[in-house]
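**Q** Sequence first, then the predicted structure, then my questions.
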4 protein chains.
Amino acid sequence: MTRNSEKIPSMIKNRRLVERRRQQIIQAACDLFVRKGFHKTTTREIARECGLSIGTMYEYIQTKEDVLHLVCDFIHSELESRLREALAWTGTGRESLTRAVAQHFKVMEEMSDYVLLIYQETKSLPKEAMRSILKREEEITALFEEVLSKGVGDGTLKLAPSSIKLMAHNIVVLGQMWTFRRWALSGHYTLEEYTERQTALLLHEMTDENEGGE
Amino acid sequence: MTRNSEKIPSMIKNRRLVERRRQQIIQAACDLFVRKGFHKTTTREIARECGLSIGTMYEYIQTKEDVLHLVCDFIHSELESRLREALAWTGTGRESLTRAVAQHFKVMEEMSDYVLLIYQETKSLPKEAMRSILKREEEITALFEEVLSKGVGDGTLKLAPSSIKLMAHNIVVLGQMWTFRRWALSGHYTLEEYTERQTALLLHEMTDENEGGE
Amino acid sequence: MTRNSEKIPSMIKNRRLVERRRQQIIQAACDLFVRKGFHKTTTREIARECGLSIGTMYEYIQTKEDVLHLVCDFIHSELESRLREALAWTGTGRESLTRAVAQHFKVMEEMSDYVLLIYQETKSLPKEAMRSILKREEEITALFEEVLSKGVGDGTLKLAPSSIKLMAHNIVVLGQMWTFRRWALSGHYTLEEYTERQTALLLHEMTDENEGGE
Amino acid sequence: MTRNSEKIPSMIKNRRLVERRRQQIIQAACDLFVRKGFHKTTTREIARECGLSIGTMYEYIQTKEDVLHLVCDFIHSELESRLREALAWTGTGRESLTRAVAQHFKVMEEMSDYVLLIYQETKSLPKEAMRSILKREEEITALFEEVLSKGVGDGTLKLAPSSIKLMAHNIVVLGQMWTFRRWALSGHYTLEEYTERQTALLLHEMTDENEGGE
DNA sequence: TATGAATGAGAGTTCATTCAT
DNA sequence: GATGAATGAACTCTCATTCAT
């Protein structure tokens, strides 16, 4: 799934080995970046934590930023695959949306630290890597666009076509909000309450004669 | 307005001077942090940019993190004061909200870089400074809570009391979204369109029999 | 008494004022040097502690080393004047010696910190200042030479003339030893015991047919 | 012999190499500390002098104070091992003492600079390191206690048991005195004369009915 | 493939001293 | 005489990266 992994060059020829070693690196780096942040984590710490010597680690990456890229990519893959699970079910667009939102919020809760990590460290990536990460983000948003379109198509959701993209972004962001505003929200709502209320608000927006601000 | 400035000790006795010099430092640091990020900006660069010698700069701060604190605090003060302007007008709660949202979004657009800065670098602050920054964030949210309460009070907005806080957070975050998803949004919507649609969605949520998911 | 004070130039003409301000400086610096050592004490700290501004302080000294010189000189003056008191009494040489030794040890005890200071920081003085400090040390030793000579003269002490200087040095050093070996000695002897025993040993050396190794 | 070396952590795994590099560091630092003192010697100077890059040097130590600790420890090891040589010979206690004193004084002469170094810079060590250095000092003193006890045991030295520790300290300090009062003593006595006279005085103290002040 | 010792530019911070007011 | 803001050289220490083995 870590598709971008292939873009990062390695000195080692054996692709299987590269994949395995990089998984070690990603696991260790994820933990450390979450705990200390990208800048305060040293390459030596990553190497130690993943059981490779510093020299060996550098056979599988080229720069420290590569590690960040691998980590961000891994996290996005996780997020995306978990979200896709929720979309496998069948039902009306409205039902699918309800399920997708709930799953999205649940994933945000579970991967809270990782989501935060992406939000705070993406800017440290080199331009090219950054673009590829943003593309992943857009793909996730596109999943919601699909669900919304389906709902508009089967008449269970009312929304101006030109607002579909906006609504998709709103949904994604309101999920992420649970991670980066947790310090304020968790004191007042449980995840269940939060999900319920946000879902009610969203569905209400897409009911009746509302045409989404057109 | 930079209230926390007083908490950061300085070697210089003249309070006026401290305030002036710190303004220089903040201006220079804001620019640099936006362009290069906190970690990739050196203290020497900040000093050069604000026209002080490195030694002199350190008479007005204690650590590099103090500069970040000063910067974050300054940005929040700006955000808050600009938002308060919009709240000075009179009118129904619904009208106030419409105006406040528009102003909030406009401020987000204008201070885009600064808002991003806060979102990405706050985590680099020491614990204590971080708490003070989050408090500022909560105060801004509270401004929207007030407007919403007013609307609920005068009957122009329908919203379960227990959802007021949630809605306030939603509004703040949807504004910030314009800054940290600009790469995706600006291709499809102008700020005006964005504002119009989001406002329509929000107002629709608070119209009729909708009780916000209770 | 701080004779060398005159050698250190000052910008201020009024000699009285110079003397008074320098006393302030010495008191503050003594404390600080004892607590933190010369190198870890900053000129700013000294200024703050003695109630002068840093600029004013520098009107009365030229360098930080001047302060150390003043301090060392002051301490020696104290040591010497206290020792001279003990020598004012009359009696046989042997009696004088006993009294001088006891007083010397007592002074070492009381000025313990200061004596240590001299021993550890003198080397940080510039050459010229160092020489002047060593001269003071020699003068103190000379006081004991005088007492010993008196004893040899009146027949109450037996000592080869060529060993008088050596014995004087021994006495001075055995006193200082109480300060720089206190960590080992104070666990086994009180100052009284220490004084008694060392005195007994010394007097025994200068009794009977002993000719001091000639 | 530098037993405490093991307590100082190193980034390098190869213990042999650590030992070798640290010897380089110690040699260079000894020279520099003797010439300029600890505080006026920079880490870069030490690195240059011992032929390592600054980065490499820091792989073998953690702080500049570690270097001082290493140096002090090395000096004590030298002092102790040289003194132990002199104690290997057999003979009466009195003979052993004579030999030990002469050797101690000779070592003081030869390692004059190093002994001074220890006396002046030990205070710059962190607490823990300082304690370990004082313990070494006490061990050296204990060597003399043993010799004295032997002499008391075989009847060749007369000394109250409770004065043995005191006498041991006296001997050690009178040796060190040759280093830190050399400026005064060397003008009047050669090392041989100094040794002869001090020995005579000491032996006389422990002859006949003298009971050391009890 | 794997290792880990070596590197050195560059980071943040300090502080004795000066000098305009 | 008194003040204290300004200075910048110099300090200790870090760490991503390389390369000989």
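**A** Looks like it came in fine. Numbering: from 1, shown residues only, chains lettered A, B, ... in the order given.

**Q** Chain A: helices as residue ranges?
**A** A:15-36, A:43-50, A:54-60, A:64-88, A:93-110, A:112-121, A:127-153, A:164-180, A:182-185, A:191-205 (DSSP state H).

**Q** Buried ones in the shortest one, by neighbour count?
**A** Pointing back at helix A:182-185 there. Buried residues in helix A:182-185, counted by 16 or more other C-beta atoms under 10 Å in any protein chain shown: A:R182, A:A184, A:L185. Placement of C-beta: from N, CA and C, glycine included.

**Q** can you pull the contacts of the nearest residue to the first one once chain neighbours are set aside?
**A** The one in question is A:R182. Distances taken as C-beta to C-beta, 6 or more residues apart in numbering or on different chains place A:S112 nearest to A:R182, at 6.9 Å, with adjacent residues excluded. Residues near A:S112 by C-beta atoms under 8 Å, 6 or more residues apart in numbering or on different chains: A:W178, A:T179, A:R182.

**Q** quick revisit: adding pLDDT, write the buried residues of helix A:182-185 out as a markdown table.
**A** Compiled in a markdown table, the buried residues of helix A:182-185 are given as follows (pLDDT from 0 to 100):
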| residue | pLDDT |
| --- | --- |
| A:R182 | 93 |
| A:A184 | 94 |
| A:L185 | 96 |
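
**Q** Reformat those residues as TSV; add distance to DNA strand E.
**A** Below are these laid out as TSV (distance: C-beta to the nearest atom of the strand, whole Å):
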residue	distance to DNA strand E
A:R182	29
A:A184	30
A:L185	33
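
**Q** For chain D, state which of those residues is nearest.
**A** For the buried residues of helix A:182-185, the closest approach to chain D (C-beta to the nearest C-beta) belongs to A:R182, at 38.0 Å.

**Q** A:I8 against A:L70, yeah?
**A** Yes - at 6.8 Å, A:I8 counts as touching A:L70 under the criterion of C-beta atoms under 8 Å.

**Q** what is in contact with the two at once?
**A** Among the neighbours of A:I8, those also in contact with A:L70 (C-beta under 8 Å, 6+ apart) are A:I61.

**Q** of those two, who's got more company?
**A** Taking neighbours as other C-beta atoms under 10 Å in any protein chain shown, A:I8 and A:L70 compare with A:L70 leading, 23 against 20.

**Q** Isn't that one up against A:Q27?
**A** No - with contact defined as C-beta under 8 Å, A:L70 does not reach A:Q27; the gap is 10.5 Å.

**Q** burial measure for the residue in chain A positioned nearest to DNA strand E, as a count.
**A** In chain A, the residue that lies nearest DNA strand E is A:G55 (1.9 Å; C-beta to the nearest atom of the strand). Residue neighbour count, defined by other C-beta under 10 Å, stands at 8 for A:G55.

**Q** which residues does the closest residue to A:F144 other than its chain neighbours contact?
**A** In space, and not counting its chain neighbours, A:F144 is closest to A:A168: 3.9 Å by C-beta to C-beta, 6+ apart. Going by C-beta under 8 Å, 6+ apart, A:A168 touches A:T141, A:A142, A:F144, A:E145, A:L148.

**Q** please redo it, this time with the cut-off set to 10 Å
**A** Counting by C-beta atoms under 10 Å, 6 or more residues apart in numbering or on different chains, A:A168 touches A:E138, A:I140, A:T141, A:A142, A:L143, A:F144, A:E145, A:E146, A:V147, A:L148, A:S149, B:A184.

**Q** start to end distance for stretch A:159-166?
**A** 10 Å (C-alpha to C-alpha, to the nearest Å).

**Q** So that stretch, near chain B or not?
**A** Yes - with C-beta under 10 Å from any C-beta of the partner chain as the measure, stretch A:159-166 is seen reaching chain B through A:L159, A:A160, A:S162, A:S163, A:K165, A:L166.

**Q** can you tell me which of those lies nearest to DNA strand F?
**A** Checking these against DNA strand F with C-beta to the nearest atom of the strand, the nearest one is A:K165 at 37.4 Å.

**Q** hmm, back to that, export the contacts of A:S112 as CSV, with columns for distance to C:K40.
**A** Shown next, in CSV, are the contacts of A:S112 (distance: C-beta to C-beta, whole Å):
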residue, distance to C:K40
A:W178, 50
A:T179, 46
A:R182, 45
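
**Q** Which residue would be the closest one in chain A to chain C?
**A** For chain A, C-beta to the nearest C-beta, closest residue to chain C: A:K40, 28.7 Å.
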